[in-house]
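Visitor: coordinates only, sequence not included:
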Ligand code: ATP
Ligand code: MG
């Protein structure tokens, strides 16, 4: 199995990123050939400040390593260090029907939330397809929001194969249902660009305050409630041990509790859950040279594979000698 996934350096990593994607990255690195990248070309659609983009990119590398990504097992690199991706992206853009991209909901959501309608944002599923196809990836661990883009990738790769002969491996999305869509503090999908996140590497005190401010419904305290689908309960179940989760669910079903109690339990569970990576992050960040070395070694490995696949595609469609 060859695994590939990317994360945009558009801001601080949040619970949704961890439970929806990064946790799977780490679980898969032991047995599989895994490529994980920091998607700075994608981030350029949203981050229009050079110093910020550089900082976010570096921070993302530190975050991933602190959470347990092991550069001796998985290949970790920055997207723009593999220029073959941009070349492959162009080849794929030719032959991509506009309608396929017009149907993508992630684009529509971002526009609805005020991001400007740039061609880069519109065509981003094809850059993402290039990312995936360049490593002959067959498995892409993602949150539910990205499943449609993996379908776009399969479509585009399938039609290229059909026109030019077998060239690309068709990938599959790998989604963990239990954490496919982590809600933000406003109940919408938690997203770096929606200002509704709980950051993983947040100071525990600040995070407690953020949790206390989560808006809840105005049900009377004595009323029983179904736990699943409640933002507080859903977040609690991500960070609390199994047994605590069961007793919290029972409390919801019984009724007679206040949300303040649940928030406190959530803040306590979160503090415990994130304590170790938070401590590890501080150590890693103190040695930036080591981080840059890890990324350079990762880029060299990624380029080797991507240039093989690019050459294959160039030969197939006639822009290189066969
Ligand atoms: P942006 O707002 O810049 O798009 P994001 O928070 O959506 O940022 P991405 O970098 O786009 O994060 O996505 C990284 C990975 O995290 C993807 O695999 C995506 O599916 C996953 N992911 C993002 N948000 C969530 C969420 N709320 N629940 C589960 N998975 C998520
Ligand atoms: Mg996103």
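Guide: Cool, the structure landed. Just so it is clear, the model here is predicted, and its values are computed rather than measured. Ligands and ions are numbered 1, 2, ... in the order given.

Visitor: Around ligand 1, pick out the residues from the stretch 101-250 of the chain.
Guide: 142-143, 145-146, 179-182, 189-193 (CB under 6 Å from any ligand atom). No exception for glycine: its C-beta is placed from N, CA and C like everyone else's.

Visitor: right, and out of those, which lies closest to residue 123?
Guide: residue 146 (15.8 Å; CB to CB).

Visitor: just to revisit the earlier point, so which of the residues of the stretch 101-250 of the chain next to ligand 1 sits lowest on pLDDT?
Guide: Lowest in pLDDT among those is residue 179, which has 79.

Visitor: That one: how many residues sit nearby?
Guide: 20 (other CB atoms under 10 Å).

Visitor: Apart from its neighbours in sequence, what residue is nearest it?
Guide: Of all residues beyond its chain neighbours, the one nearest residue 179 is residue 19 (3.6 Å), with distances taken as CB to CB, 6 or more residues apart in numbering.

Visitor: buried stuff in the lowest-mean-pLDDT helix or strand in the chain?
Guide: The helix or strand of the chain with the poorest confidence is helix 105-112; it has a mean of 90 (mean pLDDT, DSSP states H and E). Neighbour counts using 16 or more other CB atoms under 10 Å place 106, 107, 109, 110 of helix 105-112 among the buried residues.

Visitor: following it, which helix or strand comes up?
Guide: Sequence-wise, the next helix or strand downstream of helix 105-112 (DSSP states H and E) is helix 119-122.

Visitor: Need the mean per-residue confidence for that next one.
Guide: 94.

Visitor: what's it in contact with?
Guide: By CB atoms under 8 Å, 6 or more residues apart in numbering, the residues outside helix 119-122 that reach it are 44, 45, 101, 107, 110, 111, 115.

Visitor: Next: stretch 170-181.
Guide: Residues from elsewhere that reach stretch 170-181 (CB under 8 Å, 6+ apart): 3-4, 16, 19-20, 23-24, 28, 132-133, 137-147, 150-151, 153-154, 157-158, 189, 238.

Visitor: For it, buried residues please.
Guide: Judged by neighbour count (16+ other CB under 10 Å), stretch 170-181 contains these buried residues: 171, 173, 174, 175, 176, 179, 180, 181.

Visitor: Please enumerate the helices of the stretch 51-200 of the chain.
Guide: Counting by DSSP state H, counting those that start in this stretch, the stretch 51-200 of the chain has these helices, from start to end: 84-93, 98-102, 105-112, 119-122, 124-133, 147-164.

Visitor: Distance to residue 305 for those - can I get that in TSV?
Guide: Below are these laid out as TSV (distance: least, CB to CB, whole Å):
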stretch	distance to residue 305
helix 84-93	9
helix 98-102	26
helix 105-112	27
helix 119-122	25
helix 124-133	11
helix 147-164	16
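
Visitor: Alright, that wraps it up for me.
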